[in-house]
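Asks: got a structure for you, letters missing:
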């Protein structure tokens, strides 16, 4: 990923640069202290992401985004701000801001957001490449094929920010196995049976199926916890975020979401064990995938 940083605070610019370089998240291709000085450099270098401060002298973050969009810039924006209110958040989202990074800058928050947006960026481009490749081999008389179970599931998991988690791959494989059984029931079989089915489909030998099943369970658990944390972050920044409003009440117990939001708001470093219901998450994911798949038939 190629990043451009706009912030009137030199300490903030240097801190963001240090995090991105040290964590090998991407490359810094330019920095500026305000929007007016940044526009020409951004238009000439075309970064993938612009990290932009909300409040700056001469030209603030929203004005800079508007100017760049008017001049044809297609990159993504991540807003940096210590002031967060619903009006500002709403305006920023309308202008195309993807995420917010709060001030004072928190290293863990920056890593999480930049890695998440990079995953979404790569996924989008991978899907575009696949679609472009398919368009070359499709005859004009073919009707458009429905999206596959894999694509539908990956789209849902991507919305929750966990497409890069190892457990997400296990969940997608699990859904494909269930769909291939041609079972009209939408009720999940026992989780143990599903873990073993995934292990067998990966070519695990009989001796190690139990061990691999346990590993699959742990990977899926970690992925679901990551989804809980991501949705809680969405809700903390903006309670009306559409992804938060849609996924949080369907896939999780709202009490757990609120508890995680309180932890984020308090900026506590205390480790809190999240309570999740794997069966509920997989059941909702399965039903939603089936419904989306059938709508495209």
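Replies: Everything's here; your move. This one's a predicted model, so the numbers in the text were calculated from it and none came from an experiment. Numbering: from 1, shown residues only.

Asks: what about stretch 24-33, start to end distance?
Replies: Stretch 24-33 has an end-to-end distance of 24 Å (C-alpha to C-alpha, to the nearest Å).

Asks: packing partners of the lowest-mean-pLDDT helix or strand in the chain?
Replies: Taking mean pLDDT, DSSP states H and E as the measure, helix 86-94 is the helix or strand of the chain with the lowest mean score, a mean of 72. Using 3 or more C-beta pairs under 8 Å, 6 or more residues apart in numbering; DSSP states H and E as the contact test, the elements touching helix 86-94 are helix 61-70. Heads up, the C-betas are built off the backbone N, CA and C, glycines and all.

Asks: apply 6 Å and report the result again.
Replies: Packing partners of helix 86-94 (3 or more C-beta pairs under 6 Å, 6 or more residues apart in numbering; DSSP states H and E): none among the helices and strands.

Asks: moving C-terminal of that helix, what's the next helix or strand?
Replies: Note on helix 86-94: by DSSP states H and E, the next helix or strand toward the C-terminus is strand 97-102.

Asks: residues in contact with that next one?
Replies: Contact with strand 97-102 is made by 76-80, 110, 113, 117, 237, as judged by C-beta atoms under 6 Å, 6 or more residues apart in numbering.

Asks: kindly report the same for stretch 206-226.
Replies: 162, 165-168, 170, 195-196, 198-199, 204, 274, 276, 281.

Asks: so which of those belong to helices?
Replies: Using DSSP state H, the subset of the contacts of stretch 206-226 located in helices is 166-168, 170, 195-196, 198-199, 281.

Asks: out of the contacts of stretch 206-226, which end up buried?
Replies: Buried members of these, counted by 16 or more other C-beta atoms under 10 Å: 162, 165, 167-168, 170, 195-196, 198-199, 204, 274, 276, 281.

Asks: shaky segments in the chain?
Replies: Residue ranges of the chain with pLDDT under 70: 83-86, 128-129, 131-146, 182-184, 267-272, 296-297.

Asks: what about residue 74, which SS state?
Replies: Following DSSP: H, G, I helix; E, B strand; the rest coil, the label given to residue 74 is coil.

Asks: please report the distance of it from residue 206.
Replies: Distance of residue 74 to residue 206, given as C-beta to C-beta, to the nearest Å: 52 Å.

Asks: repeat that for residue 19.
Replies: From residue 19 to residue 206 the distance is 46 Å (C-beta to C-beta).

Asks: tell me which of the two has more neighbours.
Replies: Just comparing residue 19 and residue 206: by other C-beta atoms under 10 Å the higher neighbour count belongs to residue 19, 18 against 8.

Asks: what helix or strand is that one located in?
Replies: Residue 19 belongs to helix 10-22, assigned by DSSP H and E.

Asks: okay, and the beta partners of residue 51?
Replies: Residue 51 has the following beta-bridge partners by DSSP bridges: residue 5, residue 78.

Asks: can you pull out the strands in the chain?
Replies: 2-6, 27-32, 49-53, 76-81, 97-102 (DSSP state E).

Asks: distance from the fourth one to the middle of the chain?
Replies: To tie it back to what came earlier, the one meant is strand 76-81. Strand 76-81 has its C-alpha centroid displaced from the chain centroid by 15 Å (C-alpha atoms, centre = their mean, to the nearest Å).

Asks: what's that strand packed up against?
Replies: Judged by 3+ C-beta pairs under 6 Å, 6+ apart, the packing partners of strand 76-81 are strand 49-53, strand 97-102.

Asks: quick one: list the elements packing against the shortest one.
Replies: This means strand 49-53. strand 2-6, strand 76-81.

Asks: between it and helix 61-70, how many degrees?
Replies: 150 degrees (axes from the mean of the first three to the mean of the last three C-alpha atoms, to 10 degrees).

Asks: rewinding a little: closest to residue 46 among the ones in helices among the contacts of stretch 206-226?
Replies: residue 168 (30.3 Å; C-beta to C-beta).

Asks: go ahead and confirm the closest one touches residue 161.
Replies: No. Counting by C-beta atoms under 6 Å, residue 168 does not reach residue 161; the two are 10.2 Å apart.

Asks: what's the offset of stretch 197-207 from the middle of its chain?
Replies: How far stretch 197-207 lies from its chain's middle: 29 Å, per C-alpha atoms, centre = their mean.

Asks: quick check: residue 32 vs residue 124, distance?
Replies: The gap separating residue 32 from residue 124 is 27 Å, by C-beta to C-beta.

Asks: that older thread, relative orientation of the helix holding residue 19 and strand 49-53 in degrees?
Replies: Using the same axes, to 10 degrees: helix 10-22 against strand 49-53 is 160 degrees.

Asks: returning to that earlier point: so which of the strands of the chain is the most surrounded?
Replies: strand 49-53 (a mean of 25; mean count of other C-beta atoms under 10 Å).
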